[in-house]
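K.L.:
using only what follows, build the 3D model:
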Amino acid sequence: MIRINLLKPETKDIRETVAVPGISEEGRKKGTSLGNLVFLLLVIGLGLFYFFQQKAFDRENTSLAEARQEKSQLQYVEAKLEEQRKARESLDRKITLIESLNAQRDLAPRLMDELSRRLPDWVWLSEVTYDDKGIQIKGRALSNNLVADYISSLEASPQVMNVNLVSSTQRAGQGDQFLEFALRAVIEKKPEPVPAPEKAEPADKKGEK
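P.N.:
Okay, the predicted model is just below:
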């Protein structure tokens, strides 16, 4: 009788040890431990690098936020300073105008009195305008000679200078002939009083002090 064994034959685990010349089993274990240590140190180093980089990034963000806040405050201060500057300039202009008006408040009465006193007969004034450049005088006269006499009279005034004839037009009204004239002149402004200098003390009094 023939028997056929269909079961798999038993196998034995055979562990083969490959020997590396010059390196013992203990050396291999030490090499593996050293590699693990280097890897661990590398991981720790990368972690510390990331930590310090994050700290530096946080400091930069804080500095940037502080700089932006300071810039905003400076812009607010600059805006306030600009408002104060404009307000000061406006106040200075008002003060200058008030001082100018105070200095010239007696000019109009004196000027009108001077213009009226020097009018020849048969010459009438219709309008007197005053500005920074001087005065403009408008009126009527019966002849050119009377206008010329008025100009000469004004030139002799200490308050009126450089009198010029701007226009002279012949008019007719209610059967009469007359001239409409316009003059331009410069006003001599009253000089501001200069304070008298203080008297120097005698030398002997200075030595007594």
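K.L.:
any chance you could map the helices in the protein?
P.N.:
25-104, 107-117, 144-155, 203-208 (DSSP state H).
K.L.:
would a markdown table of these with distance to residue 128, mean pLDDT and mean neighbour count be doable?
P.N.:
Any C-beta I mention is one placed from the backbone N, CA and C, and that applies to glycine too. A markdown table is the format used below for the helices of the chain (distance: least, C-beta to C-beta, whole Å; pLDDT from 0 to 100; neighbours: other C-beta atoms under 10 Å):
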| stretch | distance to residue 128 | mean pLDDT | mean neighbour count |
| --- | --- | --- | --- |
| helix 25-104 | 15 | 80 | 10 |
| helix 107-117 | 7 | 84 | 13 |
| helix 144-155 | 12 | 92 | 17 |
| helix 203-208 | 56 | 51 | 8 |
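K.L.:
from residue 123, how far out is residue 178?
P.N.:
Distance from residue 178 to residue 123, counting by C-beta to C-beta, to the nearest Å: 10 Å.
K.L.:
what's the overlap in contacts for these two?
P.N.:
Residues touching both residue 178 and residue 123 (C-beta atoms under 8 Å, 6 or more residues apart in numbering): 140, 141, 142.
K.L.:
need the pLDDT of the last one.
P.N.:
Yep, that's residue 142 we're talking about. Per-residue pLDDT puts residue 142 at 90.
K.L.:
need the contact list for it.
P.N.:
Neighbours of residue 142 in contact, by C-beta under 8 Å, 6+ apart: 122, 123, 177, 178, 179.
K.L.:
got a list of what residue 56 touches?
P.N.:
By C-beta under 8 Å, 6+ apart, residue 56 has no neighbours at all.
K.L.:
which among the helices of the chain is found nearest to residue 164?
P.N.:
helix 144-155 (8.3 Å; C-beta to C-beta).
K.L.:
packing partners of that closest one?
P.N.:
Judged by 3 or more C-beta pairs under 8 Å, 6 or more residues apart in numbering; DSSP states H and E, the packing partners of helix 144-155 are strand 123-131, strand 160-173, strand 176-187.
K.L.:
quick one: the second one to helix 107-117, angle?
P.N.:
Using axes from the mean of the first three to the mean of the last three C-alpha atoms, to 10 degrees, the direction of strand 160-173 lies 60 degrees away from that of helix 107-117.
K.L.:
begin at 53 from here
P.N.:
Renumbered: residue one is now 53, and that last one reads strand 212-225.
K.L.:
buried sites along strand 212-225?
P.N.:
212, 215 (16 or more other C-beta atoms under 10 Å).
K.L.:
return the list of strands paired to that strand, each annotated with direction.
P.N.:
strand 228-239 (antiparallel) (DSSP bridges).
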